[in-house]
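Enquirer: sharing a sequence plus its predicted fold:
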Amino acid sequence: MGKVKSTKRIRFGILSITSTIGVWLISHWGSAVVIALPPPEDIPEEILRTEIIIDARSPIDGKPVSAAKYAELQAQLQKVPPPKLNAKLRQTVFLLRIRKALLQLFPFLDL
């Protein structure tokens, strides 16, 4: 009779310890998720996308310009078409693009 009571006590002790550890792990599971969140002072990307940018860079040389100068440059670029390439150079670029596409389809070719 004494063995049965001691076995039950051991089983009860093991059960209580495992349940305590399980409850503790589950309670701390949520705190790990909270740690992974960004800090509250960090500005969300959605808000940053809606900000109005008042400084810009030149599309020509990349130097900083004012917003008015940027709008003026954009208008000039829309009016004046970019210079045309030489016909021979355009043909060379076209052939290089075809060569690149063929090498992606058939990498064993040595073109």
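Expert: The structure has been received and is ready for your questions.
Enquirer: all contacts plus neighbour counts: C-alpha atoms, from now on.
Expert: Noted.
Enquirer: quick one, strands of this protein?
Expert: For the chain, applying DSSP state E gives strands covering 55-57, 64-66.
Enquirer: pLDDT averaged over stretch 71-80, what's the number?
Expert: Over the span of stretch 71-80, the pLDDT mean works out to 84.
Enquirer: what lies in contact with that stretch?
Expert: Applying Cα atoms under 8 Å, 6 or more residues apart in numbering, the external contacts of stretch 71-80 come out as Ser58, Pro59.
Enquirer: that one: which residues count as buried?
Expert: Neighbour counts over stretch 71-80 (16 or more other Cα atoms under 10 Å) mark Leu73 as buried.
Enquirer: one more: stretch 43-61?
Expert: Here stretch 43-61 shows Ala56, Ser58 as buried, counting by 16+ other Cα under 10 Å.
Enquirer: contact partners of that stretch?
Expert: In contact with stretch 43-61 (Cα under 8 Å, 6+ apart) are residues Lys63, Pro64, Val65, Ser66, Ala67, Tyr70, Leu73.
Enquirer: out of these, which are buried?
Expert: Buried by 16+ other Cα under 10 Å: Val65, Tyr70, Leu73, out of those.
Enquirer: contact partners for the second one?
Expert: Right, Tyr70. By Cα under 8 Å, 6+ apart, the contact set of Tyr70 is Ala56, Arg57, Ser58.
Enquirer: and what of the first one?
Expert: Val65 makes contact with Asp55, Ala56, Arg57, Ser58 under the criterion Cα under 8 Å, 6+ apart.
Enquirer: at 10 Å what do you get?
Expert: Ile54, Asp55, Ala56, Arg57, Ser58, Pro59, Ala71, Leu73 (Cα atoms under 10 Å, 6 or more residues apart in numbering).
Enquirer: many thanks, we can stop here.
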